[in-house]
Structure formats: structure tokens, C-alpha cells
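Colleague: With the input below, show me the fold.
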Amino acid sequence: MLHIGVDASSWENERGFGRFTRNLIPALAARKSGFHYTLLFDQEPTRPVPEGVDIRIAGSDKSMSEASSGASARGGADLITMARSAQRMECDLFFYPAVYSYFPQLIRRPSVVCFHDTIPERFPDLIFPKKLNFRLWQVKCWLAKKQATRIMTISQASANDLERILRIPADRTDIITEGAEPVFRQIHDAQLLAQTRQTYDIPPDAPLLVYVGGFNRHKNVLRLIEAMPEILARVPNARLAIVGRTTGARFWDNVEDLKASAAADAARSESIIFTGEIDDEQLALLLNTADALVFPSLWEGFGLPALEAMSCGTPVLSSDCGSLPEVVGDGGLYFDPLSSQALANQAARLLTEPGLRTDLSQKALAQASRFSWDKGAELAEASFRQALRPK
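Modeller: Sure, this is the predicted structure:
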């Protein structure tokens, strides 16, 4: 039985890497294929932890969840607390599900670090409020890269970026995948779907586009809002539901700019709905009643909301950048994320061309079936074994 220590400080985090950690670890634990896991938390977890894993609490002053909100950050003392706690763990390998929460190893032992993407390196001016934040990020990534036995990532697009931008050789990198949770599925209860539209004041016959995700600047939501007048010119009764936390508590987001743009004219003001954060059950219902998910991001390492939408049979209007073509496949239409006109053209096409939405829905379901958390866990185990091979 191989013992894997896991940095679980991102467990409570609501961003993509927190969701990744909370899905991959249970999938790994469920496989029962010769690995045993101990999760190292910075503070006592409030979310459920899977059976069959051990837990240790480091007792950091500030949690990673707190540190990833607003302009906050973990202090050096918290990093040392985590590092010392990890040092005391008798494990064969230590796994970091996200380089975001990386802390240095104080002893020599195999480790695997997951670099989800190179978005901070591509768009530092959009990601970090100050140059110092970017410099500290670079130092952390350099140290993680040096200490890691193997590097993990979540798409071929990200693996290519790690080689080109971070100079990580391809033969050091292992690609795994993500999956959609079972809640994201086709729902055929017409009454329930109608009630969902009513909950968010969406007319029953209105063509509906949905955005799901964060509001950091590289997510490019402002361009989606700017495309709405052109979409409305061709599909006057269309609606756009924007799903995500709008309190401004995420790291350097631009929620206020988005709300101001949405309210800039009467047509946009009436056609755009900010739902706020909603749970997965409600999100699955909203996706089922939507004509398409819109994903205008300038770059993604994977793009989990696209997979969740396709698992509901909902096509994706997708940026043609990063990993999204790899994930979406033929389950959607693509546009240049720098062009509001291109976005509007594809949206109008999907909403008006006879039979197109039905055809894309079938293709979306087929594409989604290629991904699962169990497959991701199987590939992660292969990465662990590779890291444990004698040199």
C-alpha cells in the first residue's frame, strides 16, 4: 500500500482548483488500487471528506480559502506551518492538487504538483493587482517546479503552455482530465424547468444564454455583455443569465464594471440577469433550460463549466482559445474572444438556425461522455507511480 500525502488546503476553496481537489480526491480514494491517502488541511474542514482517507490539521492562522478572497494572501508563518506538518507525515509521495496552494517541502521525497494553466504568466496585468503579487507568484512556481518530481496538468493545451512558457520538459509532465459531477445531467421535467425560469424572471419562451464562472478580467465577461445589443438586434427576446458570486469578494475581479455595462442601456438592462451564486442542483436546472452556455474566456486550462453544460445536453458557445476546443470538441460553436461581433454572430446563428441547437446538443452529450473523474483519478495514479519509480 503506497501512502500519498495530499495538500488539502484548497478543499474549501470555491474556485476551479477547489472543485478539482474535492472531486479528484474522492475519485482516487474510491479506486482502492493500492494507494492510501492522508489529507493535510490548514484548518478544520467544513465540507464533507470522503471515507477511507486520513486527516491531519496543520492549524494555520489563515486558511487558503480566506487567502484567495479579495486582495488577501497567506503569510510566511502559514506556509511554514503547512511545511512542518507535511514534514512530519510518513508518506511515500506528497501531492499538491494545485500549485496555487503550494508550500515548500522541507525534506527530500517524491512529489507531484498540478499546474492547472499558465494564465497568470499570460495575463499578469489582468490577474494581479500589483507587480509584487506577480513576482511572488513567479518565485513560488519556480520553487514548485524545482522541487516536484513530476508535474501534472489537466489538458494538452496546458501541457504545451507549461513547456513553452514555464520551460517544463514534456517528459516531466503527466496529463490527467476532469469530469462532471452526476448532478449535471439531462432533466426532462417540464414543470421543474419552467419553475426554474420563473425563479430567475426568465420568460418561458425566451431564448436563453447562460454564463457560469468567475469574474476575473481574463474571463472576458465584459465582452459578452458588450455583445448583447447585437444579439438582441437579431433575437430581440433573448436573455443572458450570468451565474457567479457578484459580491466582489474574489481576487481582483471586475464585478462593478460588468454591472455598469449591463445597465448601460435599457435593452441590456432588461435582457441580462445576474443570478448570484447558486448551488449545483439549481445550476443543472438552469443549464437544462438554456439554449447554450457561453464561455468567452481569453484562456482556460480546462473549462469545467463547459463540460458540465454539455453533460446536460446544452451546447457551448466557446472561445477558440486555450483548452476549450479540446474539451468542447464538436459540442458547440467557436468565436474569437477578442471580437464581440464574432460572439454575437455565433450566438445568433445557434438561436435562429433550424435544427442546429438539437444537433449540437446530441454532439455535446457524446463529447461529455469522454470525460470522468474516475478516468482523471486513473491517470493521476499513473503520475504517482511514475514519480515513485527509481531513477
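Colleague: In contact with Gln341: list those residues for me.
Modeller: Gln341 is in contact with Ala227, Glu230, counting by CB atoms under 8 Å, 6 or more residues apart in numbering. No exception for glycine: its C-beta is placed from N, CA and C like everyone else's.
Colleague: Which of the helices or strands spans it?
Modeller: Gln341 is part of helix 340-352, with elements assigned from DSSP states H and E.
Colleague: Let me see the residues that make contact with whichever helix or strand comes after that helix.
Modeller: With elements assigned by DSSP H and E, the helix or strand that comes after helix 340-352 is helix 356-368. Residues from elsewhere that reach helix 356-368 (CB under 8 Å, 6+ apart): 180, 186, 291-292, 307, 309-311, 313-316, 328-333, 349-351.
Colleague: at 10 Å instead, please
Modeller: When contacts are defined by CB atoms under 10 Å, 6 or more residues apart in numbering, helix 356-368 is touched by residues 179-180, 184-186, 207, 291-293, 306-317, 327-333, 349-351, 353.
Colleague: Show me which of the residues you listed are buried.
Modeller: Using 16 or more other CB atoms under 10 Å as the burial test, the contacts of helix 356-368 include 179-180, 184-185, 207, 291-293, 306-317, 327-329, 331-333, 350-351 as buried.
Colleague: now Thr38, what's its secondary structure?
Modeller: Assigned by DSSP: H, G, I helix; E, B strand; the rest coil, the conformation of Thr38 is strand.
Colleague: got a pLDDT number for it?
Modeller: pLDDT, Thr38: 97.
Colleague: Could you pull out the buried residues of stretch 337-347?
Modeller: Buried positions in stretch 337-347, judged by neighbour count with 16+ other CB under 10 Å: Pro337, Ser340, Ala342, Leu343, Ala344, Asn345, Gln346, Ala347.
Colleague: Save the residues you listed as JSON lines, and put in distance to Arg223 and pLDDT too.
Modeller: JSON lines is the format used below for the buried residues of stretch 337-347 (distance: CB to CB, whole Å; pLDDT from 0 to 100):
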{"residue": "Pro337", "distance to Arg223": "7", "pLDDT": "97"}
{"residue": "Ser340", "distance to Arg223": "5", "pLDDT": "96"}
{"residue": "Ala342", "distance to Arg223": "10", "pLDDT": "98"}
{"residue": "Leu343", "distance to Arg223": "7", "pLDDT": "98"}
{"residue": "Ala344", "distance to Arg223": "10", "pLDDT": "97"}
{"residue": "Asn345", "distance to Arg223": "13", "pLDDT": "98"}
{"residue": "Gln346", "distance to Arg223": "13", "pLDDT": "98"}
{"residue": "Ala347", "distance to Arg223": "12", "pLDDT": "98"}
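Colleague: Dump those residues to TSV, plus distance to Cys321.
Modeller: TSV is the format used below for the buried residues of stretch 337-347 (distance: CB to CB, whole Å):
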residue	distance to Cys321
Pro337	6
Ser340	15
Ala342	12
Leu343	13
Ala344	18
Asn345	17
Gln346	14
Ala347	17
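Colleague: Strands along the stretch 151-300 of the chain, start to end?
Modeller: Along the stretch 151-300 of the chain, counting by DSSP state E, counting those that start in this stretch, strands occupy 173-175, 208-212, 239-243, 272-276, 292-295.
Colleague: Now distance to Ala284 and mean pLDDT too, for these, in JSON lines please.
Modeller: Output for those, formatted as JSON lines (distance: least, CB to CB, whole Å; pLDDT from 0 to 100):
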{"stretch": "strand 173-175", "distance to Ala284": "28", "mean pLDDT": "98"}
{"stretch": "strand 208-212", "distance to Ala284": "11", "mean pLDDT": "97"}
{"stretch": "strand 239-243", "distance to Ala284": "11", "mean pLDDT": "96"}
{"stretch": "strand 272-276", "distance to Ala284": "13", "mean pLDDT": "92"}
{"stretch": "strand 292-295", "distance to Ala284": "12", "mean pLDDT": "98"}
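Colleague: returning to what we had before: okay, angle between the helix holding Gln341 and strand 239-243 too, please.
Modeller: Here helix 340-352 runs at an angle of 110 degrees relative to strand 239-243 (axes from the mean of the first three to the mean of the last three CA atoms, to 10 degrees).
Colleague: wait, which of the strands of the stretch 151-300 of the chain is closest to Arg109?
Modeller: Nearest to Arg109 among the strands of the stretch 151-300 of the chain is strand 173-175 (17.9 Å), distances taken as CB to CB.
Colleague: Contacts for the closest one next, please.
Modeller: Contacts with strand 173-175, where a contact means CB under 10 Å, 6+ apart, come from 112, 114-115, 150-160, 162-163, 166, 376, 379-380, 382-387.
Colleague: Where do the helices of the stretch 251-391 of the chain begin and end?
Modeller: Assigned by DSSP state H, counting those that start in this stretch, the helices in the stretch 251-391 of the chain fall at 255-262, 266-271, 280-288, 304-311, 324-328, 340-352, 356-368, 373-388.
Colleague: hang on, Thr58 packs against Ser101?
Modeller: Small correction: residue 58 is Ala, not Thr. No: judged on CB atoms under 10 Å, Ala58 makes no contact with Ser101 at a distance of 11.8 Å.
Colleague: Spell out which residues are contacts of both of those two.
Modeller: Residues touching both Ala58 and Ser101 (CB under 10 Å, 6+ apart): Asp7, Ala8, Ser9, Asp42, Met82.
Colleague: pretty sure the fourth one is touching Glu12, no?
Modeller: Yes: in this structure, Asp42 is within contact of Glu12 by CB under 10 Å, at 8.8 Å.
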